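> I need the structure of the sequence given here:
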Amino acid sequence: MRAVVPIGDRLFAFGDVNVAVGVGTDQRAAVWSSTDAVTWNLITKPATFSTDPSYAVSATADGRGGLYMIGTITTANTSTDALWHSPDGVSWTRITVDQSQVPMFLTIATAGGTAVVTGQVTELQQARRYAWYSTDGLTWTQAALPGDQNPAWSGPSLIGGGAGGFEMLSPTAEAWHSDDGRTWIKVEPPSPGPAGDYRAFSPTSLLVSDGTFVATGRDGGDGGPPSAWTSADGRTWSRSTIDEPSPAFGCEAACEPAVVTQVGSVLVALGYRTEDRGALPASAPVVTWLSTDAGRTWRVQSAGSPGVLPSALALFHSELVVIGEQLNGGAVVRSALGAITWQAAEPPSSSQPSSQPTPSTTFSPGPSLKTGPITFRQAKVPKASAQPWSSNSMWYVNGRFYSVFSRAHGPLLWESNDGTTWRQIADETQFNGKGAQDCASIQALAQDGNGGLVAVGGMDGDCADTVTSTATAWQSSDGVTWHRATIQPSQTSLLLSVAYAGGSLVAVGTNRVVLHSPDHGKSWQLTSLSGPPSPDFLAVVPWQDGFIANDLGHAWRSSDGLAWVPLGTAPLGQVTVGGVLVAGANGLYWSGDGAGWTAVTGTTVDSYDWGAIDGDGSVAIALTLQDEMWITTDGMTWRDTGAKLIITKSGEHGATPSFCIGAGRLVTIISDGNQTRSYYVDLLK
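Predicted structure coming up:
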């Protein structure tokens with residue numbers, strides 16, 4: 001198996017099987033499907049793709065509920081790349097991309113209803129790259145890629161598509177960008193500098209995360225150190241900060257983040273040793289990296305041994321699923337609960353999200369939603385700082401909106417009474433440490449229970465070009481003057497979420513860290529957990545005078561922030577609305593107790609990859625990766641607004657928005673580092 005694609009409630013895997021031919025065997029391209037990543041059914045016949053030897057190389061969803069697959073067919077001594085399409089994974093039709101030539105080394109990406117195939121054809125003894133685009137999967141139009149091209153180039157390019165357009169990278173990191181898949185520009189590489197030379201970068205993975213293009217690989221080819229680069233617009237690339245695995249991880253600095261997927265706002269990458277000085281080891285040493293800032297910073301989280309060399313990674317039903325090659329031959333499917341503790345795939349537990357309603361309480365009608373189209377109004381924002389920011393996050397706390405902008409040397413804090421007018425109230429001088437190398441990173445904001453604010457995140461060495469992060473918290477009575485809190489004992493972690501309930505504060509973060517504060521955020525202590533292992537806690541929310549915290553697929557509940565009870569598997573991104581919890585995981589779910597989850601019916605959200613969710617207790621909004629906006633006041637019935645969160649204006653194309661809800665008002669900020677705009681709209685009558 002070489003590729004895996006989740007669509008709705010099914011998971012599809014692509015590869016090949018051996019079939020008997022005469023006295024020998026041939027390989028044939030094959031597709032399997034599964035509803036639980038445990039039991040797999042072969043759903044294609046040996047001759048579905050070709051009567052000649054063939055195998056699948058890659059696959060992707062077509063954006064309409066169907067699938068594309070790229071494979072290779074071998075006839076005599078000639079290998080030909082081919083593209084197929086299927087509405088259901090069972091019946092496949094071969095597609096001719098170019099009538100006049102035979103493209104080789106095909107790769108494909110889809111975004112916004114457009115599919116783009118890139119490949120190579122031979123012209124006058126020279127290999128030249130092209131791109132073909134289609135809006136229906138049947139009719140394809142060729143687009144030339146500008147710029148000088150290496151005639152000796154061979155091998156597949158990488159292509160990624162999403163909000164912000166399409167990006168293409170060659171094996172030598174040459175880059176092209178297109179906003180629509182039709183017109184392409186050649187991207188000039190950054191000049192060599194203190195951060196290193198982009199020309200040494202050999203990419204192995206490319207994806208689009210919330211409008212940011214993220215490429216991972218290594219420097220200098222086989223044996224080089226792991227490397228990663230990001231681009232906010234597909235035109236200008238910046239080197240990321242990435243942990244190099246030590247010999248303790250069994251990689252001897254020869255690992256690379258080879259397969260990457262997105263889980264909510266977190267990117268998960270897996271790497272393994274590819275240069276072993278002889279035979280492969282008895283088990284495949286695997287390193288897990290996580291990034292919580294759209295690929296700009298990667299931190300090693302664990303090393304384990306799933307027993308496979310991973311070739312594909314996907315999120316499915318709140319579980320990370322990896323497929324790859326067994327060291328002793330053949331193919332195997334493995335699941336990673338929480339991305340750190342690897343285990344063979346097992347039957348899902350009874351707490352897996354259910355498709356049948358199981359309400360545990362009676363709910364009263366919530367406030368009424370506005371009807372008709374959603375129309376955003378533009379808010380007033382301060383002039384851009386001389387030092388541009390790279391991203392921002394938003395919260396509604398104590399009746400006000402807050403936005404933190406992440407900058408190279410620390411955070412910038414904005415405040416708004418009602419989301420219509422913003423003002424700057426603090427900068428990095430309030431948060432950074434005393435040393436010139438102490439750079440603060442704020443990841444979450446909440447009330448302190450005493451009329452003030454708490455902020456949590458990390459103090460790391462970005463200024464010193466290192467990646468070590470120390471869990472850090474700050475407290476403020478007015479949002480303007482901030483004081484650093486004490487944390488005992490000190491924790492190597494990045495705190496990602498904080499919540500107040502029942503007189504206590506709880507903060508959670510990476511490295512299984514859960515902190516408790518009984519004194520309104522002035523001091524924090526480490527709490528202990530029992531139950532399933534967790535690599536990183538992503539969120540904690542107030543729930544019935546207590547808390548619910550969740551990681552990449554598990555949830556815990558606490559009445560006081562000190563003693564925690566595991567609830568089992570759970571979807572991601574939980575918020576409260578109408579007396580229930582709502583969350584997303586390739587669809588929308590709701591729960592009355594945080595343990596049993598019910599799939600929301602009557603929506604088409606479950607056919608998409610879920611993107612993000614937020615709420616203020618009275619109304620919640622879910623945003624799909626296709627930028628659809630769904631809203632609810634009770635968590636069980638959702639309405640498609642027909643609107644888009646990203647408001648495209650001059651200078652904003654490809655920017656990644658942040659958003660939050662407060663008092664029924666949706667507020668969003670869009671910043672691309674050069675221009676910042678804010679918009680708001682009321683959702684309730």
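
> how about the strands in the stretch 301-450 of the chain?
In the stretch 301-450 of the chain, the segments counted as strands under DSSP state E, counting those that start in this stretch are 308-316, 319-326, 331-337, 341-344, 377-379, 391-397, 400-407, 410-416, 423-426, 439-447.

> pick out the shakiest of those strands, pLDDT-wise.
When the strands of the stretch 301-450 of the chain are compared by mean pLDDT, strand 341-344 comes last with a mean of 41.

> name the nearest residue to Ser517, ignoring sequence neighbours.
Distance criterion C-beta to C-beta, 6 or more residues apart in numbering; nearest residue to Ser517, sequence neighbours excluded, is Leu505 at 4.1 Å. To be clear about C-beta, it is placed using only N, CA and C from the backbone, and glycine gets the same treatment.

> JSON lines for the strands of the stretch 301-450 of the chain, including mean neighbour count and distance to Trp184?
As requested, those are exported to JSON lines (neighbours: other C-beta atoms under 10 Å; distance: least, C-beta to C-beta, whole Å):
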{"stretch": "strand 308-316", "mean neighbour count": "21", "distance to Trp184": "27"}
{"stretch": "strand 319-326", "mean neighbour count": "22", "distance to Trp184": "32"}
{"stretch": "strand 331-337", "mean neighbour count": "21", "distance to Trp184": "36"}
{"stretch": "strand 341-344", "mean neighbour count": "15", "distance to Trp184": "40"}
{"stretch": "strand 377-379", "mean neighbour count": "14", "distance to Trp184": "32"}
{"stretch": "strand 391-397", "mean neighbour count": "20", "distance to Trp184": "27"}
{"stretch": "strand 400-407", "mean neighbour count": "23", "distance to Trp184": "31"}
{"stretch": "strand 410-416", "mean neighbour count": "22", "distance to Trp184": "35"}
{"stretch": "strand 423-426", "mean neighbour count": "16", "distance to Trp184": "39"}
{"stretch": "strand 439-447", "mean neighbour count": "23", "distance to Trp184": "35"}
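
> figure out which of those strands is closest to Asp640.
Of all the strands of the stretch 301-450 of the chain, it is strand 377-379 that lies closest to Asp640, at 21.1 Å by C-beta to C-beta.

> just how off-centre is the closest one within its chain?
In terms of C-alpha atoms, centre = their mean, to the nearest Å, the centre of strand 377-379 is found 29 Å from the chain centre.

> try stretch 107-123
22 Å.

> buried residues in that stretch?
Within stretch 107-123, the residues that count as buried by 16 or more other C-beta atoms under 10 Å are 107-112, 114-121.

> and stretch 494-513, by the same measure?
494-501, 504-513.

> now do it: distance to the chain's middle.
21 Å.

> pLDDT averaged over it, what's the number?
92.

> equivalent analysis for stretch 171-184, please.
88.

> may I have that stretch as PDB, with CA atoms only?
The C-alpha atoms that make up stretch 171-184 are tabulated as PDB, following Å, rounded to 0.1, in the frame of the first residue of the first chain:
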ATOM      1  CA  PRO A 171      13.100  17.100  -6.500                       C
ATOM      2  CA  THR A 172      15.700  19.900  -6.500                       C
ATOM      3  CA  ALA A 173      13.200  22.300  -4.900                       C
ATOM      4  CA  GLU A 174      12.500  24.400  -8.000                       C
ATOM      5  CA  ALA A 175       9.100  25.900  -7.300                       C
ATOM      6  CA  TRP A 176       6.100  27.100  -9.400                       C
ATOM      7  CA  HIS A 177       2.900  28.800  -8.100                       C
ATOM      8  CA  SER A 178      -0.600  29.200  -9.500                       C
ATOM      9  CA  ASP A 179      -3.600  30.900  -7.900                       C
ATOM     10  CA  ASP A 180      -6.000  28.900 -10.000                       C
ATOM     11  CA  GLY A 181      -4.200  26.000 -11.600                       C
ATOM     12  CA  ARG A 182      -4.300  27.700 -15.000                       C
ATOM     13  CA  THR A 183      -1.600  30.400 -15.000                       C
ATOM     14  CA  TRP A 184       1.800  29.600 -13.400                       C
END
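
> could you dump the buried residues of stretch 107-123 to TSV with pLDDT, secondary structure and distance to Val321?
Listed next are those as TSV, based on pLDDT from 0 to 100; DSSP: H, G, I helix; E, B strand; the rest coil; distance: C-beta to C-beta, whole Å:
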residue	pLDDT	secondary structure	distance to Val321
Thr107	89	strand	22
Ile108	91	strand	21
Ala109	91	strand	21
Thr110	89	strand	21
Ala111	86	strand	23
Gly112	77	coil	26
Thr114	88	strand	27
Ala115	90	strand	24
Val116	92	strand	26
Val117	90	strand	26
Thr118	88	strand	27
Gly119	83	strand	28
Gln120	79	strand	31
Val121	76	strand	35
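
> and stretch 415-430, end to end?
One end of stretch 415-430 sits 15 Å from the other (C-alpha to C-alpha, to the nearest Å).

> name the residues that touch it?
377, 379-382, 399-403, 407, 409-414, 439-440, 474, 479-482, 662, 665, 667, 678, 680 (C-beta atoms under 8 Å, 6 or more residues apart in numbering).

> try it again at 6 Å.
379-382, 400-402, 409-410, 412-414, 479-480, 482, 665, 667, 680 (C-beta atoms under 6 Å, 6 or more residues apart in numbering).

> ok, stretch 128-135 next?
97, 113-118, 120, 140-143, 145, 149, 181-182.

> mind listing what's buried along that stretch?
Applying 16+ other C-beta under 10 Å to stretch 128-135 flags Arg129, Tyr130, Ala131, Trp132, Tyr133, Ser134 as buried.
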